[in-house]
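> quick one, fold the following:
(one chain, ligands or ions: 1)
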Amino acid sequence: MRPRREISISREHMAELAEHAERTYALESCALLLGAKGAVKDVFFADNVDPRPEQFFSIAPDQLLGAYRAAEGRGLEVIGIFHSHPASGAAPSDTDMRFMRTNPVVWVIYSGQTKEFRAHVTPEGDGGGTETVTVVVEGAAGAGAGAGAGAGAGAEKHKDVR
Ligand SMILES: [Zn+2]
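Down below sits the predicted model:
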């Protein structure tokens, strides 16, 4: 049996990601998750430059490079890729699965429909399929912590909400 896979992320970062997704609603949003040892320490928001942003996302090479440089400068790594599904669930699409195989980091997906976060990874050497990664919310108090928790929390500190 494989060890349990987890990615931990603070409540604030989850709220920021949910907000980023809701702000760009109807279009997929994307970000890179910087961290170490399975813990997200910083979020690098990116623009979706895909020609069909309602259904797909692409991050421009210079932003990607910027994220890697930002990570390196802080002794971190790009440990995850975040994107949203504005009008569907948080399961990876066929396209996601194809790209997950070439980018074997944790893929965190936020659903604008269910307001849930789910994380997935493509196990190394696996011919196909994905494995669910548990999202551990840091700083979440008590029960109810987990996927979806924290969405919307902390939004008050941002001045640019709609
Ligand atoms: Zn997707």
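> tell me what the most centrally placed residue in the chain is bridged to.
Centrality entry for the chain: nearest residue to the mean C-alpha point is Phe82, 2.4 Å, by Cα atoms, centre = their mean. For Phe82, the beta-bridge partners are Ala31, Val108 (DSSP bridges).
> what about the closest residue to the ion within the chain, neighbour count?
Nearest to the ion in the chain, going by Cβ to the ion, is Asp96, at a distance of 4.1 Å. For every residue, glycine as well, the C-beta is placed using N, CA and C. Using other Cβ atoms under 10 Å, Asp96 has 21 other residues around it.
> wait, is it part of a strand?
No. Read with DSSP: H, G, I helix; E, B strand; the rest coil, Asp96 is helix and lies in no strand.
> ok, it to Ser58 distance?
12 Å (Cβ to Cβ, to the nearest Å).
> repeat for Glu72
For Glu72, the distance to Ser58 equals 22 Å [Cβ to Cβ].
> who's more crowded, the two?
In terms of neighbours (other Cβ under 10 Å), Ser58 is the more surrounded of Glu72 and Ser58; the figures are 19 against 12.
> the residue nearest to that one when sequence neighbours are not counted in helix, strand or coil?
Nearest residue to Ser58 in three dimensions, chain neighbours excluded: Asp50, at 4.0 Å (Cβ to Cβ, 6 or more residues apart in numbering). Here Asp50 takes the coil state, with states given by three-state DSSP.
> what is the neighbour count of Asp50?
Neighbour count for Asp50, taken as other Cβ under 10 Å: 16.
> what's the answer for the one 5 residues further on, then?
Counted with other Cβ under 10 Å, residues neighbouring Gln55 total 14.
> contacts only, for it.
Residues near Gln55 by Cβ atoms under 8 Å, 6 or more residues apart in numbering: Glu28.
> state the distance from it to Ala90.
15 Å.
> test my guess that Arg11 contacts Phe117.
No. Here Arg11 does not reach Phe117: they are 11.3 Å apart, not a contact under Cβ atoms under 8 Å.
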